[in-house]
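Trainee: Output the structure for:
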Amino acid sequence: MRNLLLATSAVAMIAGGAQAEDIKIGVILGFTGPLESITPAMGSGAELAMAEVTASGALLDGSTVTSVRGDSTCIDAGAATAAAERLITSDGVNAIMGADCSGVTGAILANVARANGVVMISPSATSPGLSTAEDDGLFFRTAPSDARQGVIITNILQDRGVSEVALTYTNNDYGKGLADAFQAEFEAAGGTVTISAAHEDGKADYSAEVGALASAGGEVLVVAGYVDQGGSGVIRSALDSGAFDTFYMPDGMIGEKLNENFGDELEGSFGAYPGTDNAGAGLYVELAEAAGFDGTGAFSPESYDAAALIMLAMQAAGSSDSADFKDHVFDVANAPGVEIMPGELQKGLELLAAGEEIDYVGASAVELIGPGESAGNYQEVEFADGVYSTIGYR
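Mentor: Here you go, the predicted model:
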């Protein structure tokens, strides 16, 4: 009898081990392009969550998780689509953490993810247009829609007594979506947008654009652009010409590169990007520091959370197949259930394996609403003494 029990246990162990797999998650971000200064910390955030889960041995009978990177370029839809196709067809990823910029995210979703039935969770694609994109239940995002950001920008400007602004935006899905959302909200609240003008990325000279903005006037210039591209170019031209001295920077403009580019020239300017002061945010910064990167950057916490949601949903479904776990992303992201913070992914996996419910709070206070997007928390920043720092949360 004892031998029979031992044999049965051995068979069970072998069977359990056979179920373990090397799960691959694509990390597709603009490692080159207009956001290349902030994407390294985003990629590191997602891979920190994967390393944590792999070390735990608690995912799907001891499965490991491997990151496979792809470059979205942020702005080249063709290159991003090709990168996503490689991740899925050649590398065999089970899901995609990404993409980053809204236009390339929409292209990947429409042309690759839907066709192959692969889940995507973006940490930073914020275009309102993605809220109504056909996605077959495969697309989610841990960053809030720019419909929400339009409200935040309006509130911050009103609180500072600003009633008239000029607006420039990068000429793509992200810039146009944010500009339209903000203008509608600001004007509905009684504010005036003197001009809303697109700018192209990659130009050496933005004096013509700034001339038009200056002619229209405004107390503040709202720059809905990219910190590594045209947004910074517009600010440089505006400062050099004296056209504007106070700027509002939305999420795509916030990064250490802004401090490097302008220093104390931006004294008194302000902005906001997704972030929260919940306990999970502080825990994440500590984990990132221990891993050797800065976790305070824009969309790095959201990247950790996007990867974490993918793996927790897999555990809830008992499967790494997108067709199986896509319907569990909401379940693990929202109440009810035991709250799970950064560094507690093993706990979340074990609770799910035991049939318990979890409420993944994570690094960005995750709460999914509507079409699978974040309800949205923002941290307000202000520039003083040559750097920006957080002065509050909304």
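Trainee: Run a quick neighbour tally on L178.
Mentor: Around L178 there are 29 other residues, counting by other Cβ atoms under 10 Å. Placement of C-beta: from N, CA and C, glycine included.
Trainee: Excluding residues flanking it in the chain, which one is nearest it?
Mentor: Once flanking residues are discounted, L178 sits nearest to D146: 4.2 Å by Cβ to Cβ, 6 or more residues apart in numbering.
Trainee: Double-check that neighbour against A184; I have them as touching.
Mentor: No - contact status for D146 versus A184: not in contact, 11.0 Å apart, counting by Cβ atoms under 8 Å.
Trainee: Pick out whichever of the two has more residues nearby.
Mentor: D146 (33 against 14).
Trainee: Okay, strands next: where are they in the stretch 151-300 of the chain?
Mentor: 164-170, 192-199, 220-224, 247-249, 270-274 (DSSP state E, counting those that start in this stretch).
Trainee: looking at these, which is closest to E356?
Mentor: E356 lies closest to strand 270-274 among those, at 29.1 Å (Cβ to Cβ).
Trainee: Does L351 touch I358 like I think?
Mentor: Yes - using Cβ under 8 Å, L351 makes contact with I358 at a distance of 5.4 Å.
Trainee: SS state for T66?
Mentor: State at T66, reduced to three classes by DSSP: H, G, I helix; E, B strand; the rest coil: strand.
Trainee: excluding its backbone neighbours, what's nearest it?
Mentor: Closest to T66 by Cβ to Cβ, 6+ apart is K24, at 5.1 Å.
Trainee: got a pLDDT number for R141?
Mentor: On pLDDT, R141 comes in at 97.
Trainee: do the same with G376
Mentor: 85.
Trainee: next one: G386
Mentor: Reported pLDDT for G386: 93.
Trainee: Now do the phi/psi pair for A77.
Mentor: phi -60, psi -40 (degrees, to the nearest 10).
Trainee: So the residue nearest to it when sequence neighbours are not counted: helix, strand or coil?
Mentor: Spatial nearest neighbour of A77, chain neighbours left out: A107 (3.9 Å); criterion: Cβ to Cβ, 6+ apart. Of the three states, A107 takes helix under three-state DSSP.
Trainee: Now for A107, how many residues are close by?
Mentor: Residue neighbour count, defined by other Cβ under 10 Å, stands at 21 for A107.
Trainee: show me the residues around it that make contact.
Mentor: By Cβ atoms under 8 Å, 6 or more residues apart in numbering, the residues touching A107 are A77, A80, T81.
Trainee: Tell me how far the second one lies from M97.
Mentor: When Cβ to Cβ, to the nearest Å is the yardstick, A80 and M97 sit 14 Å from each other.
Trainee: neighbour count winner among these two?
Mentor: Counted by other Cβ under 10 Å, A80 and M97 do not tie: M97 has more neighbours, with 34 against 31.
Trainee: I'd guess V27 is in a strand, am I close?
Mentor: Yes - under three-state DSSP, V27 falls within a strand.
Trainee: Determine which of the strands of the stretch 151-300 of the chain approaches Q19 most closely.
Mentor: It's strand 270-274; of those, that one is closest to Q19 (Cβ to Cβ) at 36.9 Å.
Trainee: Just checking: what are the partner strands of the closest one?
Mentor: Next to strand 270-274 in the sheet, as set by DSSP bridges, lie strand 247-249 (parallel), strand 378-384 (antiparallel).
Trainee: Just the C-alphas of it, formatted as CSV.
Mentor: The C-alpha coordinates for strand 270-274 follow below in CSV (Å, rounded to 0.1, in the frame of the first residue of the first chain):
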residue,chain,number,x,y,z
PHE,A,270,3.4,73.1,-14.2
GLY,A,271,1.7,69.9,-15.4
ALA,A,272,0.5,66.4,-14.4
TYR,A,273,0.9,62.8,-15.3
PRO,A,274,-0.7,59.6,-14.0
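Trainee: what angle sits between it and strand 220-224?
Mentor: Strand 270-274 and strand 220-224 are oriented at 30 degrees to each other (axes from the mean of the first three to the mean of the last three Cα atoms, to 10 degrees).
Trainee: how distant is strand 270-274 from the center of its chain?
Mentor: 14 Å (Cα atoms, centre = their mean, to the nearest Å).
Trainee: tell me the mean pLDDT for it?
Mentor: Averaging pLDDT residue by residue across strand 270-274 gives 96.
Trainee: what's the answer for stretch 27-36, then?
Mentor: Rounded mean pLDDT across stretch 27-36 is 96.
Trainee: residues in contact with the residue nearest to S56 when sequence neighbours are not counted?
Mentor: Among residues not flanking S56 along the chain, Q346 sits closest, at 3.6 Å (Cβ to Cβ, 6+ apart). By Cβ under 8 Å, 6+ apart, the residues touching Q346 are E52, V53, S56, A58.
Trainee: separation between the last one and Q346?
Mentor: The span separating A58 from Q346 equals 5 Å under the rule Cβ to Cβ.
Trainee: What pLDDT does the model give Q19?
Mentor: Predicted confidence (pLDDT) for Q19: 80.
Trainee: Also N3?
Mentor: At N3, the model reports a pLDDT of 38.
Trainee: What is the neighbour count of D22?
Mentor: Counted with other Cβ under 10 Å, residues neighbouring D22 total 12.
Trainee: Dihedrals phi and psi, it?
Mentor: Here D22 shows phi and psi, under degrees, to the nearest 10, equal to phi -100, psi 100.
Trainee: Could you check how far it is from V65?
Mentor: Applying Cβ to Cβ to D22 and V65 gives a distance of 8 Å.
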